[in-house]
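Student: Just the structure for this:
(2 chains)
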Amino acid sequence: MKNRFILALLVLSLAGGFAPVSAETAPTAREAWIMHFDGDWKNASGLPEKAMLIGLQGLANRTAPRLYIAHAPDFPWEITVPLADFYTRKHGVKFTELKTADEALTLFAASAKGYVVWDTAVMPTLNVAYTIAGLEDAIVVTPALIPLAERHGLKRIDDLRGRYDGMTDTQIYADAKTRYFARCNPDMIMLMGGHAGDMRIPGIADWGVRQRMFFHDLSGNPAHKDEVALAMELYGAMNPGAFVFGWHSYVKDTEEQHTTLTSTFGLRMDGLQSLPNHSFNSQFTFTPGFKFQNQHHVDRDTKLVAEKKVYLAFVQSDGIGLGVWTKPGRGKLQLAWGAIPSWLEFAPAALEYFQESATPADYFIGGLSGPSYMYPNHIPADRFDGLMREAVRQMEVLDERIFEILDNSAADGNVGNADLTKETVDRYYAAFPNVIGFINGYGPARTFDLRNGVPMISYDYYIDPRRPREEVAADLQELITINRNRPYFCLVHVRESNDVNSLVEVTKQLHGPIEIVPVDTFMKLAASNQTYRTRYQLPTDPKHFEGFRRE
Amino acid sequence: MKRLRLGLLLVLMFAPFAAMAANPGFAGRWRLDPARSSALDGWHAADLVIALDGTQVALTYHMTWRTTKFSATNTVDTAQPQAIKDFFRIEQRHMAVYPRAGESAQVTAAWLDAGETLRVEAAVPVGISQGEGTMRVYNEFRLLEGGTTLLLIELHNTRHRPLVYTFTKVPAEAAAN
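Tutor: The predicted structure follows:
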């Protein structure tokens, strides 16, 4: 298994010409181009041109980081502008702005050999077109954009109009599988889902085109038997430890269903479908001499003794770069952040940017569940250790000591659960001998343990950004009241779009002997006095979904 | 003997309320108005169906989360205290406070205010991260003037703020569909 995993990583590093540019060998100044996108992703207006440009970006960045896209302030990933500044400051990138698609094609059309026409009336054709674009070095165009492409000397490579009329998504992707899958990257596949209806945000398509991935948005919803069966064929054909980039379709299935599906094959989920600029970001390494130095508050072997009080710790583990990092208020509350570990390979400069801009109140933790987002109760036993060895390696590079786990496969609002079986907990304790603590959950969960001074603590509360702050304060106060034993260890998960200033106000409303501590201090305190009850997922716990059965 | 005395005492205490007739307007299907209610977490929608049968009041909750439907009934008796297995309360999804499956809540109920208010008080066993606890839940179901609005005010001995849920009567023909 170990050899297969190392082989997979080796293949991965070679696939698609993945060759990061070391800042040590790079010239002091580097020329690149930047486009500023607005927020119009409607199929009928902004999408066609943006889809073409993002695909073009993947081709333009095949051999060097040339084209970068900065997004509107309301774009899900809010770091694109500050990260461009970081490239300028730290990597000597001199960006020249391209204002139109015509300018972009004037500069980069030579990166393409032609164009593929997709049909706005049959949306899966956009994904098929992207697959072809990666394999044939094409840009993707709607009929309205053909004249623009041809003005720049590009010829028609394929035209999907009419080919898939009246066909189901299963039929369309089955045909695409027959035609293209064998030539696609066996270490990366693109789940280009997300929005449906009148808009799409294929922000990560540049990466899929550059790496020659197979694009699809097949469902992981068990009710869609045909789509699930085809998705399982695709995932089953990927190499061990392969990545699933992108995100599930918001109208076909749930995050929980699709992540359960990918985890069933031991695949690494790396979201989202809107994630921009991987084709650019992947070609930089850290600046010379840079080393991650997490701001630890306790040494690994420190022993603390909890007092008779309430200890609160806050964690934000949704994709870092989504939401609050760039907003005012960060630094006013001790907050742990789940850094995206695969960005060590695919966007190291972004991780360096986060480290550089961290305040003394920001602390980084590992996860989620593995080297990428996975549901551990469903990872095949023969894949678990290899995947976790990679997660351990990532944590060492990122100087992280706390690992976060989530398995939402059985979660379902108020009636499911997000707990780990004892077998899964055993595996984690064995796989991560050097951590000082584990976190479990997303919403609240009930898996708790303490072994050899290393606690596993589930979230007791999840802060929904839409929940009125006075209710959040009342909820937390209620937990403090009902958990009467002191010390009480209350771990709080903060959804990414919460405003930190409002959280500070919430904490001011709480009564009692309360102390807000960094999460590493929290773990050391929790190790000193187990007032939480050891518990794992029970066979009788309510389960929304049992999982998929591989043939 | 001690139990018998306690039971007798409780019956005597609640007898005046039990004798009070309920406003028949309580009966029927009520739909939660989220805009006029405390924020729900997890649940997107809720219907409450009330059935009156002598001193018994069946409170059936039909909860919705995405495509998941969940229903539960608390049948309370205004004539006597009861132990109700798997007593349902509208939980907040984002709090680690769980019902203890298979266990019973001690429940009393009474009609107040000339039958315009149903009071339900329950000691509910809950699971928490520290193990097990009990939450005392005090509910008042108030039928407002006009009979088309039902107010559920919920107090916990553990919570400083009340939870207030406003329900609107679903017309009989719509409720039947």
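
Student: show me the contacts for A:Ser219.
Tutor: A:Asp169, A:Glu227, A:Val228, A:Ala231, A:His248, A:Ser249, A:Lys252, A:Asp253, A:Gln257, A:His258 (C-beta atoms under 8 Å, 6 or more residues apart in numbering or on different chains). Every C-beta, even on glycine, is put in place using the N, C-alpha and C of the backbone.

Student: Among the residues you listed, which pair sits farthest apart?
Tutor: The two members of those with the most space between them (C-beta to C-beta) are A:Asp169 and A:Gln257, at 15.7 Å.

Student: Tell me which stretches of chain B form helices.
Tutor: B:2-19, B:172-176 (DSSP state H).

Student: Which one of these has the poorest average confidence?
Tutor: Of all these, helix B:2-19 carries the lowest average pLDDT, namely a mean of 50.

Student: Okay, now the unreliable bits of the chain?
Tutor: As the question left the chain open, I've gone with chain A. Scanning chain A for pLDDT under 70 picks out the ranges A:1-28, A:319-323, A:413-414, A:551.

Student: switch to chain B, that's the one I care about
Tutor: B:1-19, B:173-177.

Student: Nearest residue to whichever residue of the stretch 1-150 of chain A sits closest to chain B in space, ignoring adjacent ones along the chain?
Tutor: Per C-beta to the nearest C-beta, A:Pro76 is where the stretch 1-150 of chain A lies closest to chain B, at 21.2 Å. Of all residues not flanking A:Pro76 in the chain, A:Ser274 sits nearest, at 5.0 Å (C-beta to C-beta, 6 or more residues apart in numbering or on different chains).

Student: A:Met232 contacts A:Phe548, doesn't it?
Tutor: Yes: with contact defined as C-beta atoms under 8 Å, A:Met232 counts as touching A:Phe548 (7.1 Å).

Student: Name the residues contacting each of the two.
Tutor: A:Leu261.

Student: how about the residues of the stretch 451-551 of chain A that lie near chain B?
Tutor: A:458-464, A:466-468, A:470-471, A:474-475, A:477-479, A:481-485, A:488-489, A:531-533, A:540, A:544 (C-beta under 8 Å from any C-beta of the partner chain).

Student: Just list the residues touching B:Asp113, thanks.
Tutor: B:Arg142 are the contacts of B:Asp113 under C-beta under 8 Å, 6+ apart.

Student: Check the offset of stretch A:363-379 from the chain's centre.
Tutor: Relative to the centre of its chain, stretch A:363-379 is centred 11 Å away, using C-alpha atoms, centre = their mean, to the nearest Å.

Student: correction: stretch A:39-51
Tutor: 23 Å.

Student: hey, C-alpha coordinates of that stretch in PDB?
Tutor: Extracted C-alpha coordinates of stretch A:39-51, given in PDB (Å, rounded to 0.1, in the frame of the first residue of the first chain):
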ATOM      1  CA  GLY A  39     -19.900  39.200 -10.500                       C
ATOM      2  CA  ASP A  40     -22.100  38.300 -13.500                       C
ATOM      3  CA  TRP A  41     -22.100  34.500 -13.900                       C
ATOM      4  CA  LYS A  42     -25.500  34.200 -15.500                       C
ATOM      5  CA  ASN A  43     -25.700  31.700 -18.300                       C
ATOM      6  CA  ALA A  44     -27.500  34.300 -20.500                       C
ATOM      7  CA  SER A  45     -25.000  37.100 -20.000                       C
ATOM      8  CA  GLY A  46     -21.600  36.800 -18.200                       C
ATOM      9  CA  LEU A  47     -20.900  33.100 -18.100                       C
ATOM     10  CA  PRO A  48     -20.000  32.300 -21.800                       C
ATOM     11  CA  GLU A  49     -17.200  34.800 -21.900                       C
ATOM     12  CA  LYS A  50     -15.900  34.000 -18.400                       C
ATOM     13  CA  ALA A  51     -16.000  30.300 -19.200                       C
END
